[in-house]
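In: Sequence plus the predicted model coming up.
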Amino acid sequence: MTSTDSEPFRLDRPGIRASFDRASASYEAAAVLQARVADELLSRLEPFNFTPEVVLDLGAGTGRMTGELKRRYRRSLVIAMDLAPGMLRESKRQQAFFRRFERVCGDAMRLPIADASVDVVVSSLMLQWCDPPDPAFAEIRRILKPEGFFAFTTFGPDTLRELRSAWTEADDGTAHTYNHVNHFTDMHDIGDALVRAGLSEPVLDVDRMQVTYADTLALMRDLKAIGAHNVTAGRPRGLLGRARLQRMQHAYEAFRHDGRLPATYEVVYGVAWGAAGRPASAVIGGEARIAPGAIRRRSDR
């Protein structure tokens, strides 16, 4: 994809933050698939006998996975980091008296964490909001200890393919076409980006899941409830009109099976290790880096 071709798919980061902030109260009830994916990611950590000092849940959302990480690594400093303050407020519900974790508002593209200070970074279904993923991977490499571990999930390009196809058909022959669905990076391109960032021994695999709905409006309500609607530069900025929406709904009906409309999700699972002694990436000028120990000391006052 050339720079010109990719411009309509450029993500609006303030828009991402605002979207997830608005969705923070409704997210947990609607994020059924996200919970399944997080559970699978956590299960993939079980074979590793980690005793980490510091664990970062990057893109923690409402903190469901953070709470489980704290239960698993009781003696560790576990940090929930998210771009949206509303999500972090909701994550407080996942804390227990003997299982408290820290909550930090931060952007994966410019992490407010010191170099080589984290043992394990876990991130579930956040990286699709970092396109391209290279800056986020460079930051993860920077904060990981040399022998640190990174486990993640993200969405691949087959995600919401039915919705994308239906909108393409609805736009056909109209004066203006829009990007209605976010762009998702191919697994092989994600692997290349991990290597470019200097992360070691990346391993990736793909699973496909389907969620079914009674109609397209139910799907769109779910996407809105989890804050995952379209935030690309090429999205429509106003009302599209009833006729175009009806054309999309009609086109989506071609996918109906056993009385339900499917929504496909291509889930990419990946792991990689830290820089293994290679020099960390340069610190971004003007950014404050917080040592995780400083977070703990503040909370222990």
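Out: Cool, the structure landed.
In: Kindly state the pLDDT recorded for residue 226?
Out: If you check residue 226, the pLDDT there is 89.
In: Can you give me the distance of it to residue 104?
Out: Separation of residue 226 from residue 104 (CB to CB, to the nearest Å): 22 Å. The way it works is simple: take the backbone N, C-alpha and C, and place the C-beta from them, glycine included.
In: Over to residue 115?
Out: Look at residue 115 and residue 104: by CB to CB, they are 16 Å apart.
In: so where's this protein uncertain?
Out: 1-11, 173-180, 229-241, 277-301 (pLDDT under 70).
In: For it, which segments count as helices?
Out: Assigned by DSSP state H, the chain shows helices spanning 3-6, 13-30, 32-43, 64-72, 85-91, 134-143, 161-171, 187-196, 216-225, 242-252, 292-299.
In: do you know which of those helices lies nearest residue 259?
Out: Across those, residue 259 has its closest neighbour in helix 216-225 (13.1 Å, CB to CB).
In: what inclination does that closest one have with respect to helix 242-252?
Out: Helix 216-225 runs at 100 degrees relative to helix 242-252, counting by axes from the mean of the first three to the mean of the last three CA atoms, to 10 degrees.
In: So for residue 199, what's the nearest residue that isn't a sequence neighbour?
Out: Of all residues not flanking residue 199 in the chain, residue 272 sits nearest, at 4.0 Å (CB to CB, 6 or more residues apart in numbering).
In: what is the one you found paired to in the beta sheet?
Out: Beta bridges link residue 272 to residue 150 when assigned by DSSP bridges.
In: List the contacts of it.
Out: For residue 272, the contact set (CB atoms under 8 Å, 6 or more residues apart in numbering) comprises 149, 150, 194, 199, 200, 201, 202, 203.
In: again with residue 17
Out: Residues in contact with residue 17 (CB under 8 Å, 6+ apart) are 83, 84.
In: how near is it to residue 210?
Out: 29 Å.
In: quick one: contacts for the one residue sitting closest to the centre of the chain?
Out: Closest to where the C-alpha atoms of the chain average out (CA atoms, centre = their mean) is residue 126, at 0.9 Å. By CB under 8 Å, 6+ apart, residue 126 lies in contact with 58, 59, 61, 108, 152, 154.
In: Test my guess that residue 21 contacts residue 89.
Out: No - using CB atoms under 8 Å, residue 21 makes no contact with residue 89, being 9.4 Å away.
In: Any idea how many residues pack against residue 189?
Out: Number of residues near residue 189 (other CB atoms under 10 Å) recorded here: 14.
In: Grab the nearest non-local neighbour of residue 86.
Out: residue 24 (3.2 Å).
In: my read: that neighbour touches residue 82, true?
Out: No - with contact defined as CB under 8 Å, residue 24 and residue 82 do not form a contacting pair (9.2 Å).
In: the more surrounded of these two?
Out: residue 82 (30 against 21).
In: Show me the beta-bridge partners of that one.
Out: residue 105.
In: What residues does it make contact with?
Out: Neighbour list for residue 82: 20, 59, 60, 61, 88, 91, 105, 106 [criterion: CB under 8 Å, 6+ apart].
In: Give me the buried entries from those residues.
Out: With neighbours counted using 16 or more other CB atoms under 10 Å, the contacts of residue 82 contain these buried positions: 20, 59, 60, 61, 88, 91, 106.
In: Contacts only, for the closest residue to residue 261 other than its chain neighbours.
Out: Closest residue to residue 261 apart from its sequence neighbours, by CB to CB, 6+ apart: residue 213 at 5.0 Å. When contacts are counted by CB under 8 Å, 6+ apart, residue 213 touches 219, 222, 260, 261, 263.
In: Can you lay out the residues you listed as TSV showing distance to residue 132?
Out: TSV is the format used below for the contacts of residue 213 (distance: CB to CB, whole Å):
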residue	distance to residue 132
219	27
222	27
260	35
261	31
263	25
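In: I'd like to know which of the residues you listed is nearest to residue 96.
Out: Nearest to residue 96 among those, with distances taken as CB to CB, is residue 222, at 28.9 Å.
In: Can you verify my assumption that the closest one contacts residue 27?
Out: No - when contacts are counted by CB under 8 Å, residue 222 is not listed as touching residue 27 (10.7 Å).
In: which one of those two has more residues nearby?
Out: A direct count of neighbours by other CB under 10 Å for residue 222 and residue 27 places residue 27 higher, at 22 against 19.
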